[in-house]
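Novice: I would like to see how this sequence folds:
(2 chains)
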Amino acid sequence: MSITRLTRRQFLKAAGATTAFAATGLSFARSAYAAASDYLQKRIAAIYKQDAAMPLRKSQDNPMVKALYKEFLERPNSHFAHHLLHTHYEDRSDGVKKLKAKGVKLKV
Amino acid sequence: MREIEQVWTLSNAPEPADAARTYFVQVDQSKCESCGECENWCGTGAIQPADGKNGPRTVVDPAACLNCGQCLYHCPFGAIYEGVSFVDQIEAALADPDTVVVAMPAPAIRYGLGEPFGLEPGAYVGGKMFATLRKLGFNYVWDNEMTADVTILEEGAELVKRIKKEIDKPLPQFTSCCPAWIKFVETFYPDLRDNLSTCKSPIGMLGPLAKTYGAEKTHVEPAKIFTVSIMPCVAKKFEGLRPELSDSGFRDIDATITTRDLAYMIKKAGIDFNSLPDEKADPVLGDSTGAATIFCATGGVMEAALRFAYETVSGKTLKDVNLTAVRGDKNIRAADVPIPGGPTVKVAIVYGMDQAKVVCDEVRAGKSPYHFIEVMNCPSGCVNGGGQPLPPGTRMADKSPLEKLRFALRRAFNSRATV
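Specialist: Residues are numbered from 1 along each chain as shown, chains lettered A, B, ... in the order given. Below you'll find the model as predicted:
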């Protein structure tokens, strides 16, 4: 059977079969593949180049951070630091439980 | 709806109480070509065929979406739009002489903002970024990198307490900077919330510090301050709206925009970005370090934390700060870091929620050998966040002939008729 005589459904089936491997293979590899892309390599390289060029490279050496603790927060994890800079997390599982109960399929 | 750096965006600024029910990203089904590319980037499966077969895709429910925006960042057809924008609110605040508007740019902005102005990917534009924010009329430019350093001190101290069992919190400790990751734990692994560091993210810290310490130091009434979080990230728009982030006595973060939104505002204001001089952030909350700027790369938070932990625990100076063992672009990595006079710290670095799931299952089973795990949602970290300028060649028109062919095949397969 020549390709011109395939019905639409047959064509889609054939195209589906030949691309299935590529499509699913790529589905798994997308994020790993992203890291290799040129624009991202350049953005990442710029970050470490800037890090190396900074006069100070450790958080504990930041002069304004030192002043902030001395004048305001006292020390890391102080009572006041806890009030301003720490938080708590909610249980948000209800929404997805309801979705799954309705038959919605998720990856997690 | 308006187009912001190739992404259609609603002019919708929800109230904090409505954030959890808001679609931060959604598919315009009339534009969707059903190629299925978005599904490959979605960590939860929230984006899927609306008809349950192979038709146009949709975000099924805000409850399942992490708001990361990786789907719209990679959509070849520009069919996915942002559902939230604070651009109008910020422009109004900037125009009001009684409002003191504070810009708080994330580390990743300075590695992406050049691209909409024709610069090469990776062009470092930190100095021009500070200058352009002043040109736009921001009264203070306080650097989010400053509170990345604060995060390291707070999160490092917390980790030491967990290891020494001075607080009743489990190991491993998870990083808490990434808002998509936080929502992932809250939604899919709520039993592991105690593993998350209690530290707010760096922007979660800078908001309240701007309205307390910053206000005090600059003699500005905190009620007059309008804080603007500038992020490479769509999920930060959700984080900024979290009702609990009001520890300053006000809303800690009044508005959140992305790198793309900022580029749009700069162009709209007619600023010639490329000819701007290099400037610095403002005093009080403006200093930065190398440890802070690497926060936007995968492994960066971990490396910054180890630069701190090594010196704090050992009392010795860390001579070579380049801890290359935690760098790299693999989506899951591990390292043992010996600290003189202390334990060998076992760390892991993860990006992408498919790998985060593996790590969470291991922790849930009580089999995780690690002390500290860094997790980011976006591939290679925030610098590749869903709020950054789109990767070159994202849209069909910009793709190479080979890529065009590949997408045509994928489209045929992923939109195939279902029997």
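Novice: Going along the chain, name the helices of the chain.
Specialist: Went with chain A since none was named. Remark: helices assigned in chain A by DSSP state H are A:8-35, A:38-53, A:63-68, A:79-85, A:93-101.
Novice: Chain B, not that one
Specialist: B:37-41, B:70-74, B:87-95, B:126-135, B:144-163, B:179-188, B:202-209, B:215-218, B:235-240, B:259-268, B:290-293, B:300-314, B:353-364, B:401-414.
Novice: To A:Asp38, which of those lies closest?
Specialist: helix B:401-414 (13.3 Å; C-beta to C-beta). Bear in mind the C-beta positions are built from the backbone N, C-alpha and C, glycine included.
Novice: wait, does the closest one contact chain A?
Specialist: Yes. Judged by C-beta under 8 Å from any C-beta of the partner chain, helix B:401-414 comes into contact with chain A at B:406, B:409-410, B:412-414.
Novice: same check, this time on stretch B:276-288
Specialist: Yes. Shown here: stretch B:276-288 in contact with chain A (C-beta under 8 Å from any C-beta) through B:283-288.
Novice: May I see the helices of chain B organised as a markdown table, with mean pLDDT and mean neighbour count added?
Specialist: A markdown table is the format used below for the helices of chain B (pLDDT from 0 to 100; neighbours: other C-beta atoms under 10 Å in any protein chain shown):
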| stretch | mean pLDDT | mean neighbour count |
| --- | --- | --- |
| helix B:37-41 | 94 | 23 |
| helix B:70-74 | 96 | 26 |
| helix B:87-95 | 98 | 17 |
| helix B:126-135 | 98 | 22 |
| helix B:144-163 | 97 | 25 |
| helix B:179-188 | 98 | 24 |
| helix B:202-209 | 98 | 28 |
| helix B:215-218 | 98 | 17 |
| helix B:235-240 | 98 | 27 |
| helix B:259-268 | 98 | 22 |
| helix B:290-293 | 98 | 29 |
| helix B:300-314 | 95 | 24 |
| helix B:353-364 | 97 | 19 |
| helix B:401-414 | 86 | 16 |
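Novice: Kindly reformat these as CSV containing distance to A:Ala36.
Specialist: CSV is the format used below for these (distance: least, C-beta to C-beta, whole Å):
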stretch, distance to A:Ala36
helix B:37-41, 15
helix B:70-74, 15
helix B:87-95, 34
helix B:126-135, 26
helix B:144-163, 27
helix B:179-188, 22
helix B:202-209, 28
helix B:215-218, 45
helix B:235-240, 24
helix B:259-268, 22
helix B:290-293, 23
helix B:300-314, 19
helix B:353-364, 17
helix B:401-414, 15
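Novice: Please name whichever of those helices is nearest to B:Gln173.
Specialist: Nearest to B:Gln173, of the helices of chain B and by C-beta to C-beta, is helix B:144-163 at 5.1 Å.
Novice: Off-centre distance for that closest one?
Specialist: Relative to its parent chain, helix B:144-163 has a centroid offset of 18 Å by C-alpha atoms, centre = their mean, to the nearest Å.
Novice: got the angle between it and helix B:126-135?
Specialist: Angle of helix B:144-163 versus helix B:126-135, following axes from the mean of the first three to the mean of the last three C-alpha atoms, to 10 degrees, is 110 degrees.
Novice: quick one: least confident helix or strand in chain A?
Specialist: helix A:8-35 (a mean of 52; mean pLDDT, DSSP states H and E).
Novice: Most proximal residue of chain A with respect to chain B?
Specialist: In chain A, no residue comes nearer to chain B than A:Gly95, which is 2.5 Å away by C-beta to the nearest C-beta.
Novice: So what's the predicted local confidence for the residue nearest to that residue when sequence neighbours are not counted?
Specialist: Once flanking residues are discounted, A:Gly95 sits nearest to B:Ala63: 2.5 Å by C-beta to C-beta, 6 or more residues apart in numbering or on different chains. pLDDT recorded at B:Ala63 is 98.
Novice: Ok, B:Asn331 next?
Specialist: So B:Asn331 comes in at 93 (pLDDT).
Novice: Could you do A:Ala36 as well?
Specialist: 71.
Novice: and it, what does it touch?
Specialist: Counting by C-beta atoms under 8 Å, 6 or more residues apart in numbering or on different chains, A:Ala36 touches B:Asp329.
Novice: Over to B:Thr132?
Specialist: B:266, B:271, B:273, B:276.
Novice: With B:Val59 instead?
Specialist: B:23, B:25-27, B:46-47, B:65.
Novice: ok, and of these, which contact chain A?
Specialist: Within the contacts of B:Val59, those near chain A by C-beta under 8 Å from any C-beta are B:Ala46.
Novice: thinking again about what came up before, just put the residues of stretch B:276-288 next to chain A in CSV and tack on pLDDT and neighbour count.
Specialist: Output for those, formatted as CSV (pLDDT from 0 to 100; neighbours: other C-beta under 10 Å):
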residue, pLDDT, neighbour count
B:Pro283, 96, 13
B:Val284, 96, 21
B:Leu285, 98, 26
B:Gly286, 97, 17
B:Asp287, 97, 22
B:Ser288, 97, 25
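Novice: And B:Ala95, how close does it get to chain A?
Specialist: 30 Å (C-beta to the nearest C-beta, to the nearest Å).
Novice: ok, that residue - contacts?
Specialist: B:Gly137.
Novice: how about a cut-off of 6 Å?
Specialist: Residues near B:Ala95 by C-beta atoms under 6 Å, 6 or more residues apart in numbering or on different chains: none.
Novice: nearest spatial neighbour of B:Ser201, skipping sequence neighbours?
Specialist: Leaving aside its chain neighbours, B:Ser201 sits nearest to B:Cys177 (4.6 Å; criterion: C-beta to C-beta, 6+ apart).
Novice: ok, how many other residues are close to the one you found?
Specialist: 26 (other C-beta atoms under 10 Å in any protein chain shown).
Novice: Per-residue pLDDT of it, please?
Specialist: B:Cys177 is given a pLDDT of 97.
Novice: cool, B:Asn384 as well?
Specialist: On the pLDDT scale, B:Asn384 gets 97.
Novice: how deep is it tucked in, by neighbour count?
Specialist: Counted with other C-beta under 10 Å, B:Asn384 comes out at 29.
Novice: My read is that it contacts B:Met376, right?
Specialist: No. With contact defined as C-beta atoms under 6 Å, B:Asn384 does not reach B:Met376; the gap is 9.3 Å.
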